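need coordinates for the below:
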Amino acid sequence: MQTTRWLDRESNRFDEIINRILAFRENEDIETGEKNFKIDKVFPENKTITLNSRELTFNKLNVSYDIVDAGEQPEEDRTTKREDFLIVYTTGINVNYIINKNTAASTLIRKLNGYTGKNQLKKNMIELDSDFFIWLISKVYNRENSIEVSENTDIQINSIKGLKGNTDDLLNKVTADGKTIMNVISTLSFLLESNNISQIKTDIEYKEHQHISLTLNKTSTIDTDLKDYTGILLGKEKELAFSELLLTIYIELIPNLFRVYQQEKREEAWGAQKYIEFIEKVGKDVSERIKEKVKSYKE
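Below you'll find the model as predicted:
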């Protein structure tokens, strides 16, 4: 599921926000649109977690409701059931929401809070672009996939499982384990044909998290699933494990990875020239692999 993060610019009172959302009541006269809301607080007591050397307080709210379309048919035929969630957390300074929506995410958060003014919410996402995605591909392809983010901490990019671009094609899996002929050909052909990579799927190892599967989009959404996860969180209750996984991704994993990318750009370890060198290297690998195959066939 796609998730986004939003900063509350109206209030930083964490408990007050939680209680206000739990107390939400819809207009009982509404006939179409969103109705029949049910909101449950997952954790009876707020939870804490330390990320990036800061202690955060958080809770998860599960929100279910009906979406009723206009029409002459019976209401049950015009009703779609929807289940969303909000992970609400505070740093002690600001309150943020992680929600399993992109389109209309701010509309739902505003409704539940009773916000009617302007600029009360702000999207709080790192803007990823095609160049960042190609940088990740180059790291894996060149076996530079162990990325140091601090003195004792690395992010291991184990594989790129797929890419999506303006050709709407998916790239065959690129791994750090070796350069098969399909690996290099698919990498080069995709990079040459797609000028606008919009999505990347990757497998990451980070600290005590042996396997995190991530889908990152240029639309500033992040997608992950606990069923694809291996690591220390599996020893925890499912709702807590999923909440802590998302918080780790948003607060540590992606910011640290993006910081290294920006640093390499500043130091010219990555940029237009490095991109050209990468493309040329993949092209050379393709040529050499073809020559090897032709030679072995003749022999």
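
count of neighbours near E10?
15 (other C-beta atoms under 10 Å). All C-beta atoms are positioned from the backbone trio N, CA, C, and that covers glycine.

report the mean confidence score over the longest strand along the chain.
Counting by DSSP state E, the longest strand found in the chain is strand 54-68. For strand 54-68, mean pLDDT rounds to 95.

dump the C-alpha coordinates for it into PDB.
What follows is strand 54-68, C-alpha atoms only, in PDB (Å, rounded to 0.1, in the frame of the first residue of the first chain):
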ATOM      1  CA  ARG A  54      15.500  11.100  19.200                       C
ATOM      2  CA  GLU A  55      12.700   9.500  21.300                       C
ATOM      3  CA  LEU A  56       9.400   9.600  19.500                       C
ATOM      4  CA  THR A  57       5.900   9.000  20.900                       C
ATOM      5  CA  PHE A  58       3.400   7.400  18.600                       C
ATOM      6  CA  ASN A  59       0.100   5.600  18.300                       C
ATOM      7  CA  LYS A  60      -1.800   4.000  15.400                       C
ATOM      8  CA  LEU A  61      -5.400   4.700  14.600                       C
ATOM      9  CA  ASN A  62      -7.400   2.400  12.300                       C
ATOM     10  CA  VAL A  63     -10.200   4.200  10.400                       C
ATOM     11  CA  SER A  64     -13.000   2.400   8.600                       C
ATOM     12  CA  TYR A  65     -15.800   4.100   6.800                       C
ATOM     13  CA  ASP A  66     -18.200   3.800   3.900                       C
ATOM     14  CA  ILE A  67     -18.100   5.800   0.600                       C
ATOM     15  CA  VAL A  68     -21.600   6.200  -0.700                       C
END
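
and that strand, what does it pack onto?
Based on contacts counted as 3 or more C-beta pairs under 8 Å, 6 or more residues apart in numbering; DSSP states H and E, the elements that strand 54-68 packs against are helix 14-22, strand 33-41, strand 47-51, strand 79-90, helix 238-248.

helices or strands up against the third one?
Translated: strand 47-51. By 3+ C-beta pairs under 8 Å, 6+ apart, strand 47-51 packs against strand 54-68, helix 238-248.

please name whichever of these is nearest to N124.
Smallest distance to N124 across the helices and strands packed on strand 47-51 (C-beta to C-beta): 13.0 Å, for helix 238-248.

which of the residues in the following helix or strand past that closest one are buried?
Per DSSP states H and E, helix 238-248 leads on to helix 254-266 as the next helix or strand towards the C-terminus. Buried positions in helix 254-266, judged by neighbour count with 16 or more other C-beta atoms under 10 Å: I254, N256, L257, V260, Y261, E264.

also stretch 288-295?
Using 16+ other C-beta under 10 Å as the test for burial, stretch 288-295 gives R289.

stretch 211-230 now?
Quick answer for stretch 211-230 (16+ other C-beta under 10 Å): I212, S213, L214, T215, L216, N217, K218, S220, T221, I222, T224, Y229.

state the pair within those that is farthest apart.
Every pair of those checked by C-beta to C-beta; the farthest is K218 and Y229, at 23.9 Å.

related to what we said a few turns ago, out of the helices and strands packed on strand 47-51, which is the most enclosed?
helix 238-248 (a mean of 19; mean count of other C-beta atoms under 10 Å).

kindly calculate the angle that it makes with strand 54-68.
Helix 238-248 and strand 54-68 are oriented at 110 degrees to each other (axes from the mean of the first three to the mean of the last three C-alpha atoms, to 10 degrees).

which residue ranges of the stretch 101-250 of the chain form helices?
For the stretch 101-250 of the chain, the helices defined by DSSP state H, counting those that start in this stretch cover 105-113, 130-141, 181-193, 238-248.
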